[in-house]
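when you get a sec, could you give me coordinates for this:
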Amino acid sequence: MTHPTLLVIAHGSRDPRHAATVHALTERVRAERPGLRVETAFLEFNAPSVPRVLERLAAQGADEVVALPLLLTRAFHAKTDIPSVLREARTRLPGLRVRQADVLGPSPLLNATLERRLREAGVRPGDVPRTGLVLAAAGSSDPEAIAVIAEIARELRHTGWCAVRPAFASASLPRTEDAVRALRAEGADRVAVAPYVIAPGRLPDRIAAGAEAAGADVVADVLGPAPELARLLLDRFDEARVPVGASLSA
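Numbering: from 1, shown residues only. Next up is the predicted model:
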């Protein structure tokens, strides 16, 4: 095979909506770049697993794979789980070259996807100056990941929202409902909640429930198979293929 295979590695979930959304996203990636082989694997709960897909690719004659974590921040899965799985695969499959691409966030394309989902949920441009925004992430115990979410919230504040607060569904505080109430207390006329998660599942459901309990005016959908997100996957794939110090045009 002359071109690397893109292997998208998702976390996985018992919720069938998760895998369905991941597959819809990878289908959009294929449509964006015809001819690129795109495979999907999961760390847990769903099949196929990462080792099984890599074994199949090696058996079919693949010689290079770009493994792309379908993750928004560099937390435990990106720093530990996925590198460990890929190291084991390299040992077992010495003829297969495997590179790990960077995680997806932060990126202007993710911010554009958030804006798309908020528009689809009913936020009009004229609403933004009087609307407080909750950027609701899954949550992590990794300080680096939490700092990234906080920085994205600060960046979004400069795009016209009257205020922006980060929130988390697990592992970190504040929770979505607390952030909604805080924005109300600060005087926001309206409050919108934007889930900073890729696919449906237990934690996104927790975000939605918290938003509803606190009386948020708008709750956007998860990022899902948006065209901006598909382009971001291809950007990370291309970046991983370029040796350090080289340029895309070289």
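
every contact and neighbour count from this point should use C-alpha atoms.
Will do.

now the residue of the chain most remote from its centre: how far from Ala163?
Centroid-distance maximum for the chain: Gly187 at 30.9 Å, with CA atoms, centre = their mean. Per CA to CA, to the nearest Å, Gly187 is found 10 Å from Ala163.

grab the most central residue of this structure for me.
Centre-nearest of the chain using CA atoms, centre = their mean is Leu72, 3.9 Å out.

centre of the chain versus the helix or strand bottoming out on mean pLDDT in the chain, how much separation?
The helix or strand of the chain with the poorest confidence is helix 76; it has a mean of 82 (mean pLDDT, DSSP states H and E). Here the centre of helix 76 is set off from its chain's centre by 14 Å, with CA atoms, centre = their mean, to the nearest Å.

do stretch 92-104 as well
19 Å.

residues of it that come out buried?
Neighbour-count burial for stretch 92-104, counted by 16 or more other CA atoms under 10 Å, picks out Leu93, Leu96, Val98, Arg99, Gln100, Ala101, Asp102, Val103, Leu104.

average pLDDT across it?
Taken as a whole, stretch 92-104 has an average pLDDT of 96.

what's it in contact with?
55, 58, 62-74, 78, 83, 86, 90, 232-233, 236-237, 239-240 (CA atoms under 8 Å, 6 or more residues apart in numbering).

same deal with stretch 68-75?
6-11, 78, 82, 100-106, 140, 142, 144-145, 148, 197, 233, 236-237.

could you do stretch 111-130 as well?
Outside stretch 111-130, the residues touching it (CA under 8 Å, 6+ apart) are 160-162, 188-190, 192, 194-196, 218-223, 226, 228-229.

and the longest helix seen in the chain, how far out from the chain middle?
As assigned by DSSP state H, the longest helix anywhere in the chain is helix 16-32. Here helix 16-32 is found 13 Å from its chain centre; the criterion is CA atoms, centre = their mean.

name the next helix or strand downstream of it, please.
Using DSSP states H and E, the next helix or strand after helix 16-32 towards the C-terminus is strand 38-42.

next, the angle from that following strand to helix 16-32.
On the basis of axes from the mean of the first three to the mean of the last three CA atoms, to 10 degrees, strand 38-42 is oriented at 160 degrees to helix 16-32.

what is strand 38-42 packed up against?
Applying 3 or more CA pairs under 8 Å, 6 or more residues apart in numbering; DSSP states H and E, one finds that strand 38-42 makes contact with strand 5-10, helix 16-32, helix 50-59.

let's see the pLDDT reported for Asn111.
Listed pLDDT for Asn111 reads 97.

am I right that it sits in a helix?
Yes. Residue state for Asn111 (DSSP: H, G, I helix; E, B strand; the rest coil) corresponds to a helix.

state the distance from it to Ala62.
For Asn111, the distance to Ala62 - CA to CA - is 34 Å.

what helix or strand does Val98 sit in?
strand 97-100.

only alpha carbons, please: show that strand as PDB.
The C-alpha trace of strand 97-100 is given here as PDB (Å, rounded to 0.1, in the frame of the first residue of the first chain):
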ATOM      1  CA  ARG A  97       4.800   1.500  10.900                       C
ATOM      2  CA  VAL A  98       2.400   3.200  13.400                       C
ATOM      3  CA  ARG A  99       2.400   6.900  14.100                       C
ATOM      4  CA  GLN A 100       0.200   8.600  16.700                       C
END
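
ok, that strand: who's next to it in the sheet?
Strand pairing for strand 97-100, determined by DSSP bridges: strand 64-69 (parallel).

helix or strand right after the strand it pairs with?
Criterion used, DSSP H and E; the element after strand 64-69 is helix 76.
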